[in-house]
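**Student:** Attaching a predicted model along with its sequence, questions to come.
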Amino acid sequence: MHAEPSTAFCLAMRVYVEFLAVLRDILGIRAEWKEIAEGTTIEQLWHAYLAAQPRAERVRVVYAVNQKRVDANYVLREGDRVTFLPPLSGGSQGRVVTVGHVPSPGTGG
């Protein structure tokens, strides 16, 4: 007996997600590799985290991908480094500077 192929499926990909400042405290996550559907926007990913922890809705969030600010409609790609952070005053224009090692997928990182 063999299984019928699914007619509705999404290609999955992985992105590295990190939370800074108060978001890290509220969500209880520093960083993780996250599997998402191809075509997912950064805002859709954020709302998935909000569904698990609605308390985070109280914090305004800035979206960044690969250390550059992006808007809510940015479509994520395989291996992107996604950062969610509260707005900061000052800093470098349009860039998000983070410090730390990004582990490879599957290293438990």
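**Tutor:** Great, that's in hand.

**Student:** Tell me how far the closest residue to residue 66 other than its chain neighbours lies from residue 58.
**Tutor:** Closest residue to residue 66 apart from its sequence neighbours, by Cβ to Cβ, 6 or more residues apart in numbering: residue 81 at 5.3 Å. (Glycine included, C-beta is placed from N, CA and C.) From residue 81 across to residue 58, the span is 25 Å (Cβ to Cβ, to the nearest Å).

**Student:** Tell me which of the two has more neighbours.
**Tutor:** residue 81 (16 against 8; other Cβ atoms under 10 Å).

**Student:** which ones are touching that one?
**Tutor:** Contacts for residue 81 (Cβ atoms under 8 Å, 6 or more residues apart in numbering) come out as 15-16, 18, 65-67, 102.

**Student:** Specify the beta-bridge partners of it.
**Tutor:** When assigned by DSSP bridges, residue 81 has beta-bridge partners residue 16.

**Student:** Which helix or strand in this structure has the lowest average pLDDT?
**Tutor:** helix 22-27 (a mean of 94; mean pLDDT, DSSP states H and E).

**Student:** tell me what that helix is packed against?
**Tutor:** Packed against helix 22-27, as judged by 3 or more Cβ pairs under 8 Å, 6 or more residues apart in numbering; DSSP states H and E, are no other helices or strands.
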